[in-house]
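J.: Turn this into a model:
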Amino acid sequence: MSAPDDAAPGKDGRFAVLDVFGLKLEVSNPRLAELLTMDAKDALTSDVRDLVGPEDGPDVAQVQEAVPDVVIAPSTPHTDELARARKEFRQRVETIAQSLGFETRGDGKWTSDTGIAVSTRTVERPLSLAAATHFVSEVAQRCEQVPDEESAVLFVVESQQTADVFKVAIRQRRMHHLMRTVSIDNLEDMRAMKHRGLLSHAQIVVLLAPVADIDVGEMLSVLHADEDAAAGAQ
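T.: Here you go, the predicted model:
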């Protein structure tokens with residue numbers, strides 16, 4: 001899922017806001033388009049209710065239910081390139097997951113011999129807070145419809161900034177008990193720590209399962225602090 005570089009209206013007055021699986025999503029509300037394409041850094045400092053405004057903008061329900069207001073546009077060379085980037089990102093994530101000791105499936109589900117399963121969603125480009133909140137809400141709704149007590153949800157994203165956006169979205173949706181977010185760099189960090197013998201597969205499962213915190217990076221920083229302290233004592 002990705003946002004276009006801008007949200008200029010097309011000939012029919014609709015605004016392209018997201019590219020999903022090679023298909024372009026468009027909305028007719030210009031304020032909604034602005035929200036869904038807002039830079040993640042700017043969106044992170046605002047609440048969704050503040051962004052939409054009480055008088056001239058859509059309410060939170062409109063932001064979270066944006067998909068009914070979309071139409072599908074034909075694939076273009078640009079969307080094909082975005083689709084390739086998504087595929088490469090998913091393959092990179094899957095390779096790391098296997099090196100962490102998980103068995104992976106094409107649908108993004110990771111299974112561990114500990115009995116824990118992780119359902120992953122990958123996001124290879126920055127996402128606005130409004131779009132991340134909608135994404136979290138959609139996944140939460142599906143989880144409610146098809147509950148899986150053994151499976152957690154992990155959003156694997158392209159940067160710590162986007163992980164911060166998803167952290168806020170998860171908190172707003174009150175899905176702490178089910179969801180986690182991690183940047184691709186933090187996953188790479190975990191792989192390196194496992195290679196050095198600093199993390200076992202069981203410990204990695206604990207990090208990625210929704211037990212204590214939302215952002216894996218925050219817990220990794222604690223582990224690194226312990227590692228540095230131990231090195232300094234030698």
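J.: Report pLDDT for Leu82.
T.: What the model reports for Leu82 is a pLDDT of 85.
J.: My reading is that it is in a helix; is that accurate?
T.: Yes - judged by DSSP: H, G, I helix; E, B strand; the rest coil, Leu82 forms part of a helix.
J.: and it, how many neighbours?
T.: Leu82 has 22 neighbouring residues, counting by other CB atoms under 10 Å. The C-beta positions use only the backbone N, C-alpha and C, and glycine is treated the same way.
J.: how much space between it and Gly106?
T.: For Leu82, the distance to Gly106 equals 20 Å [CB to CB, to the nearest Å].
J.: same deal with Thr95?
T.: The spacing between Thr95 and Gly106, counted by CB to CB, is 14 Å.
J.: between these two, which one's more packed in?
T.: Thr95 (12 against 7).
J.: Count the neighbours of Ser128 for me.
T.: Residues lying near Ser128 (other CB under 10 Å) number 28.
J.: Is it in contact with Val168, as I believe?
T.: No - Ser128 sits out of contact with Val168 when judged by CB atoms under 8 Å, with a separation of 11.0 Å.
J.: On the pLDDT front, check Ala117 for me.
T.: Note on Ala117: pLDDT of 88.
J.: ok, it - how many residues close by?
T.: Counted with other CB under 10 Å, the neighbours of Ala117 add up to 19.
J.: hey, where'd the strands end up in this structure?
T.: Taking DSSP state E as the criterion, the chain contains strands spanning 15-20, 23-27, 72-73, 103-104, 109-111, 117-123, 151-157, 179-183.
J.: in this protein, what secondary structure element scores lowest on mean pLDDT?
T.: helix 48-52 (a mean of 40; mean pLDDT, DSSP states H and E).
J.: what's the average pLDDT for stretch 88-98?
T.: 96.
J.: Stretch 201-209 too?
T.: Rounded mean pLDDT across stretch 201-209 is 85.
J.: What residues of that stretch count as buried?
T.: Within stretch 201-209, the residues scored as buried using 16 or more other CB atoms under 10 Å are Ile204, Val205, Leu207, Leu208, Ala209.
J.: CSV for those, including distance to Phe135?
T.: Shown next, in CSV, are the buried residues of stretch 201-209 (distance: CB to CB, whole Å):
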residue, distance to Phe135
Ile204, 24
Val205, 24
Leu207, 22
Leu208, 19
Ala209, 20
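J.: Closest one to Glu124 out of those residues, please.
T.: Minimum distance to Glu124 across the buried residues of stretch 201-209 is 18.9 Å, recorded for Leu208 (CB to CB).
J.: How much space separates that closest one from Leu198?
T.: Counting by CB to CB, the gap from Leu208 to Leu198 is 16 Å.
J.: Ok, Thr162 next?
T.: 26 Å.
J.: more crowded one of those two?
T.: Counted by other CB under 10 Å, Thr162 and Leu198 do not tie: Thr162 has more neighbours, with 25 against 15.
J.: So the more buried one sits against Ser128, correct?
T.: No - the pair Thr162 / Ser128 is not scored as a contact, 9.8 Å apart, by CB under 8 Å.
J.: For Asp189, grab the count of nearby residues.
T.: Asp189, neighbours per other CB under 10 Å, totals 19.
J.: confidence score at it?
T.: Reported pLDDT for Asp189: 95.
J.: What of Ala229?
T.: pLDDT recorded at Ala229 is 58.
J.: Please name the bridge partners of Val118.
T.: Val118 has these beta-bridge partners by DSSP bridges: Trp110, Ala152.
J.: Give me the distance between it and Val93.
T.: As judged by CB to CB, Val118 and Val93 stand 11 Å apart.
J.: Ok, His134 next?
T.: Separation of His134 from Val93 (CB to CB) stands at 21 Å.
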